[in-house]
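Engineer: Show me how the following folds:
(one chain, ligands or ions: 1)
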Amino acid sequence: MCGIFGMIRQSPFSSNELLQGLKRLEYRGYDSFGFASNTGELTKHIGSISDFIDKINQSEATTGISHTRWATHGGVTLQNSHPHSDCNERFFVVHNGIIENYEELKNELLSRGHVFKSQTDTEVIPHFIEEHVKSGLSIEDAIKMFIKISKGTFAVLLMEKNKNIIYAMKRDSPLVLGLMKDGFAIASDIYAFSNITNRVIFFDDNEYAIINQNDFGIYDSYGKQIKKDFMTFSWNKEENLGNYEHYMIKEIIEEPVAIERLINSLNNEQHDTVEKISSLIKIRKVLFVACGTAYHASLLGTSFLRFAGINADAVIASEYQNYMADKNTCVIAVSQSGETMDVIKALQAARASSAVICSIVNVPHSTIERMSSLSINIKAGQEICVASTKVFTGQAAAILYLSGAKIVTLQKLLDSVIKQKDVIKKISEDLCKARDIYVLGKSEGYALAREIALKIKEISYIHAEGMMAGELKHGTIALIEPGVPVISIIFNNNEDMISSTKETEARGADIFAITNKPYPGKWNFVIDSEDKKLFFIAAGTVGQLIAYYTAKALGRPIDKPRNLAKSVTVK
Ligand code: F6R
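Structural biologist: Down below sits the predicted model:
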């Protein structure tokens, strides 16, 4: 998590310009933000950039670095906000990642008299550079030394007070350099400066760079200069809120259009990629790796593929070490951002065991896309709400398409669900009073039960549990009391689902059924589909609307829920 953004230019730019770039990375974390410039300015604030950008005093500089934080080490305080500096405030550092051996490095620096002001792992970096420069090394050699002895992940920008130079280094966390007319931008991802330039260089691991107003050099960890060419990228149009109250509802309402775009693209420009992946998965075992919502789309996807006779499994990326992949495995990473560190780490391990790497991503040019031999883009456009909605639907549809199924009517089905959103709004006004909500599903419905529960938890802060319906009676049913809401996902009157639902009803639960045949519970939402696979994808949209309206009734900050970030770039 955390976003970093720096600029170095021949003519002065305002702090607002720097922060506008940083604001575009706010989805990576919004606990606090800060920036430093070559004029000596150092500003930090708790909270998100959007809330402060118009209140910041304007100053001009030719070099600046900035940071938006998702706290890992140390609470959300001004002291822990970046940029961090050394004892003499000569070096300023912003960092995304985690320095895993920071305690060891810190103890060494403390024993040499350094005084730390924060609880962060990052602060060891400026002190480390200070210490080694004091002992006679150049800044560049101190950076090489840091790359050599540090453990963990980092994308770092470092600047020296009153100097027009940015030093950068990277391992695992993403870092990209952009060429501007009169200088350079450097950031966690291209989105930070995609409105300014489309000419970029991606850094590889253990590389560092020295960038001045006119030129730059990129080096490997031994100091050997590496020749890298700029590549150009294209970017979808930028999203804005328009007349919607929240990005979340806008993004849910966009689903039918996004699915139409996806199907067109899979039939045309991405047809070759689809064909190649389809051939691969017929002769290999498929292992999806993903986190959170993308994992739930993968779990649903395994059912779709198994139904088509393809051997498929899904693993939560942070648990990948428990799985064995080999050259006969096709590992498919599913990720909206394409930057999730747990997924990247799993892919590195899969690559080491010679598995074929494919992916399904939304953000083009992302790390996961670049790590893959073949990658499908789900073309959902920018997803701004932290909770993933239209991308979940797109991921599930893309996997269904890979299984060879027809999905042409999905768009219409989603339209019909969205048209009935007021029904869901009404029921959510009831649901929002609950302390706990249980969501039950079976088979494909289990993936949905987990996804709907996650959506409810993350944006309404109501405790919700997504369960295999048949498993309830083995323990969790002890928690069912009169009035507890149970959302039950029932396709074609599935007998097992009905039995499990009745068992909760017998203990007083209020049943909210998502179904295609009316169920006599407290409330029904009927999805008009006899197609089981499309039914379950559409059930996801119903769940998203339930979560949205429940959170709205509770007045939650829907697009930026507490403690979360859109791109989870730490382990
Ligand atoms: C929940 C949500 C997260 C992400 C997860 C993986 O609404 O969005 O659970 O799905 O952090 O992120 P990506 O898809 O970017 O790899």
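Engineer: All the strands of the stretch 151-300 of the chain, residue numbers only.
Structural biologist: Assigned by DSSP state E, counting those that start in this stretch, the strands in the stretch 151-300 of the chain fall at 152-160, 166-171, 176-180, 183-187, 199-202, 207-211, 216-219, 231-232, 285-290.
Engineer: Tell me which strands the first one pairs with, and in which orientation.
Structural biologist: It stands for strand 152-160. Strands adjacent to strand 152-160 in the sheet, as given by DSSP bridges, are strand 91-99 (antiparallel), strand 166-171 (antiparallel).
Engineer: Likewise for the last one?
Structural biologist: Here strand 285-290 is paired, per DSSP bridges, with strand 312-316 (parallel), strand 329-335 (parallel).
Engineer: okay, those strands, which one's buried deepest?
Structural biologist: strand 329-335 (a mean of 28; mean count of other CB atoms under 10 Å). To be clear about C-beta, it is placed using only N, CA and C from the backbone, and glycine gets the same treatment.
Engineer: Beyond that one, next helix or strand please.
Structural biologist: Next helix or strand after strand 329-335 toward the C-terminus (DSSP states H and E): helix 341-352.
Engineer: Remind me what that next one packs against, helices and strands.
Structural biologist: With contacts defined as 3 or more CB pairs under 8 Å, 6 or more residues apart in numbering; DSSP states H and E, the packing partners of helix 341-352 are strand 285-290, strand 329-335, strand 356-361, helix 367-371.
Engineer: got the contact list for it?
Structural biologist: By CB atoms under 8 Å, 6 or more residues apart in numbering, the residues outside helix 341-352 that reach it are 153, 172-173, 287, 289-291, 315-318, 320-321, 325, 329, 331, 333, 335, 357, 367-368, 371-372, 568-571.
Engineer: Could you list which of these also contact the ligand?
Structural biologist: Restricting these to those near the ligand by CB under 6 Å from any ligand atom leaves 291, 335, 568.
Engineer: which of those residues has the weakest pLDDT?
Structural biologist: Sorting these by pLDDT puts residue 568 at the bottom of the list (86).
Engineer: so how many other residues sit close to residue 399?
Structural biologist: Neighbours of residue 399 under the rule other CB atoms under 10 Å: 29.
Engineer: Actually, residue 507.
Structural biologist: 14.
Engineer: quick one, what contacts the residue of the stretch 251-400 of the chain found nearest the ligand?
Structural biologist: Closest to the ligand within the stretch 251-400 of the chain is residue 292: 1.9 Å, counting by CB to the nearest ligand atom. Listed by CB under 8 Å, 6+ apart, the contact set of residue 292 reads 388, 454.
Engineer: and the strands paired with strand 152-160 as TSV, adding mean pLDDT?
Structural biologist: Compiled in TSV, those are given as follows (pLDDT from 0 to 100):
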stretch	mean pLDDT
strand 91-99	97
strand 166-171	98
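Engineer: Run through the stretch 151-300 of the chain and note the low-pLDDT ranges.
Structural biologist: 235-237 (pLDDT under 70).
Engineer: Next: the chain.
Structural biologist: The model of the chain has pLDDT under 70 over residues 235-237.
Engineer: for it, what's the longest helix?
Structural biologist: helix 532-553 (DSSP state H).
Engineer: Output the one helix or strand residue 391 maps to in CSV with nothing but the alpha carbons.
Structural biologist: Assigned by DSSP H and E, residue 391 belongs to helix 390-402. Output of helix 390-402 as CSV, limited to C-alpha atoms (Å, rounded to 0.1, in the frame of the first residue of the first chain):
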residue,chain,number,x,y,z
LYS,A,390,-17.9,-4.2,-11.4
VAL,A,391,-14.5,-5.8,-11.5
PHE,A,392,-15.7,-8.8,-9.5
THR,A,393,-18.5,-9.3,-12.1
GLY,A,394,-16.1,-8.9,-14.9
GLN,A,395,-13.6,-11.4,-13.5
ALA,A,396,-16.3,-14.0,-13.0
ALA,A,397,-17.6,-13.4,-16.5
ALA,A,398,-14.2,-13.6,-18.0
ILE,A,399,-13.6,-17.0,-16.3
LEU,A,400,-17.0,-18.2,-17.5
TYR,A,401,-16.1,-17.2,-21.0
LEU,A,402,-12.8,-19.1,-20.7
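Engineer: and after it, which helix or strand comes next?
Structural biologist: helix 410-419.
Engineer: Give me the distance from that following helix to the chain's centre.
Structural biologist: Taking CA atoms, centre = their mean, to the nearest Å, one finds the center of helix 410-419 at 26 Å from the center of the full chain.
Engineer: Let me know the angle separating that helix from helix 532-553.
Structural biologist: 30 degrees (axes from the mean of the first three to the mean of the last three CA atoms, to 10 degrees).
Engineer: If you count neighbours, what's buried in helix 410-419?
Structural biologist: 410-411, 413-414, 417-418 (16 or more other CB atoms under 10 Å).
Engineer: okay, now whichever residue of the stretch 101-250 of the chain sits closest to the ligand: neighbour count?
Structural biologist: Nearest residue of the stretch 101-250 of the chain to the ligand (CB to the nearest ligand atom) works out as residue 248 at 9.7 Å. If you count neighbours by other CB under 10 Å, residue 248 ends up with 28.
Engineer: Now it. Nearest residue, chain neighbours left out?
Structural biologist: Among residues not flanking residue 248 along the chain, residue 385 sits closest, at 4.0 Å (CB to CB, 6 or more residues apart in numbering).
Engineer: ok, that neighbour - contacts?
Structural biologist: Per CB under 8 Å, 6+ apart, neighbours of residue 385: 246-248, 251, 558-559.
Engineer: Please report how far it lies from residue 241.
Structural biologist: As defined by CB to CB, to the nearest Å, residue 385 lies at a distance of 10 Å from residue 241.
Engineer: So residue 563, which state does it fall into?
Structural biologist: Following DSSP: H, G, I helix; E, B strand; the rest coil, we place residue 563 in the coil state.
Engineer: Would you agree residue 220 is in contact with residue 209?
Structural biologist: No - assessed by CB atoms under 8 Å, residue 220 is found out of contact with residue 209, at 11.0 Å.
Engineer: Who has more neighbours out of these two?
Structural biologist: More neighbours surround residue 209 than the other of residue 220 and residue 209, with 23 against 15 (other CB under 10 Å).
Engineer: ok, what's across the strand from the more buried one?
Structural biologist: Counting by DSSP bridges, residue 209 forms beta bridges with residue 168, residue 218.
Engineer: That one is in contact with residue 217, isn't it?
Structural biologist: Yes - here residue 209 reaches residue 217: they are 6.6 Å apart, a contact under CB under 8 Å.
Engineer: ok, residue 186 - how many residues close by?
Structural biologist: With neighbours defined by other CB under 10 Å, the count for residue 186 comes to 26.
Engineer: what angle separates the longest strand seen in the chain from strand 166-171?
Structural biologist: Scanning the chain for the strand with the most residues, using DSSP state E, yields strand 3-14. Going by the same axes, to 10 degrees, strand 3-14 is angled at 170 degrees with respect to strand 166-171.
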